[in-house]
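> the amino acid sequence is not available; the structure is as follows:
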């Protein structure tokens, strides 16, 4: 194989490696944001639903 051709192939492989690493980072950031967008509201609902039930059940119990 021609040394120049081998150098070009190595250069292309280096560029592809950098691109794949960058895409891997983007995918990881997307996954973290997606999980946060689902889990944070779910954690908030764990607190909000009992408060909601408490507020609406107080008038029914007669304790004002």
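Cool, the structure landed. In this text, all values refer to a predicted model and were calculated from it rather than measured experimentally.
> tell me which element the residue nearest the centre of the chain falls in.
Centroid-nearest residue in the chain, with C-alpha atoms, centre = their mean: residue 32, separated by 2.2 Å. According to DSSP states H and E, residue 32 maps onto helix 3-61.
> now do that helix, average pLDDT.
Mean per-residue pLDDT for helix 3-61: 93.
> that helix: how far from the chain's middle?
Mean-position distance between helix 3-61 and its chain equals 1 Å (C-alpha atoms, centre = their mean, to the nearest Å).
> related to what we said a few turns ago, gap between the residue nearest to the centre of the chain and residue 20?
19 Å (C-beta to C-beta, to the nearest Å). Glycine gets a C-beta too; all of them are placed from N, C-alpha and C.
> now swap in residue 60 and tell me
From residue 60 to residue 20 the distance is 60 Å (C-beta to C-beta).
> ok, now residue 50?
46 Å.
> go on, residue 61?
61 Å.
> more crowded one of those two?
residue 20 (10 against 7; other C-beta atoms under 10 Å).
> what about the more buried one, distance to residue 31?
For residue 20 relative to residue 31 (C-beta to C-beta), the value is 16 Å.
> for residue 5, same thing?
As judged by C-beta to C-beta, residue 5 and residue 31 stand 39 Å apart.
> do the same with residue 24
11 Å.
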